[in-house]
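> Any chance you can model this:
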Amino acid sequence: MTVALYVQVSSTIQAFVFETRSCSWSFIEHLRMLLSSALWIAQLTAFTNKKDYGHEEREAQWPMHREHYMIFTKKLFREMNSFSELSEIAEQAQRQAEDARLQECHTQRTCRLS
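Next comes the predicted model:
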């Protein structure tokens, strides 16, 4: 979240840098130098503050996803009576995929033999 904020700030500052024109050497009137330094600080903070770009968050979420997957598969096997039902479902899905492929080939008229 903070990296996105820094990127947004830096892109806004870049827009100001390119649109601001000043002929004076006064630091207050010469916004290009001020905005350039703010851009440099924002980008430096954005790229040095966050290491591995969310690796720790993904690492923390992985066991939860794994647990959800295990619960789902256990529930699926509990609902099925036997492996023969699972193979029937797999064969039916394979037939449906083949039918969809043939229908697509028929509508496009570009069926290649494979």
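
> Return, as residue ranges, the portions of this structure with sub-threshold pLDDT.
Scanning the chain for pLDDT under 70 picks out the ranges 1-10, 13-32, 46-55, 58, 60, 62-85, 108-114.

> quick one: residue 11 and residue 43, what's the gap?
Separation of residue 11 from residue 43 (C-beta to C-beta, to the nearest Å): 10 Å. All C-beta spots, glycine's among them, are computed from the backbone N, C-alpha and C.

> ok, the two, which is more surrounded?
residue 43 (16 against 11; other C-beta atoms under 10 Å).

> Sticking with the more buried one, tell me its helix or strand.
Using DSSP states H and E, residue 43 sits in helix 31-49.

> before we move on, what about residue 99?
Using DSSP H and E, the element containing residue 99 is helix 83-108.

> Check residue 61 too.
Judged by DSSP H and E, residue 61 forms part of helix 55-79.

> separation between residue 98 and residue 39?
56 Å.

> Of these two, which one has the most company?
Just comparing residue 98 and residue 39: by other C-beta under 10 Å the higher neighbour count belongs to residue 39, 18 against 10.

> Check the gap between that one and residue 100 for me.
Relative to residue 100, residue 39 is positioned 51 Å away (C-beta to C-beta).

> what do you get for residue 45?
Distance, residue 45 to residue 100, using C-beta to C-beta: 51 Å.

> So for these two, which sits in the more crowded spot?
Ranked by neighbour count (other C-beta under 10 Å), residue 45 and residue 100 place residue 45 first, with 15 against 10.

> Send over stretch 34-43 as PDB, restricted to the C-alpha atoms.
The C-alpha trace of stretch 34-43 is given here as PDB (Å, rounded to 0.1, in the frame of the first residue of the first chain):
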ATOM      1  CA  LEU A  34      12.300  21.500  -5.200                       C
ATOM      2  CA  LEU A  35      10.000  19.100  -7.000                       C
ATOM      3  CA  SER A  36      12.900  17.200  -8.400                       C
ATOM      4  CA  SER A  37      14.400  16.700  -5.000                       C
ATOM      5  CA  ALA A  38      11.000  15.600  -3.600                       C
ATOM      6  CA  LEU A  39      10.600  13.100  -6.500                       C
ATOM      7  CA  TRP A  40      14.100  11.700  -5.800                       C
ATOM      8  CA  ILE A  41      13.300  11.300  -2.100                       C
ATOM      9  CA  ALA A  42       9.900   9.700  -2.800                       C
ATOM     10  CA  GLN A  43      11.400   7.200  -5.200                       C
END
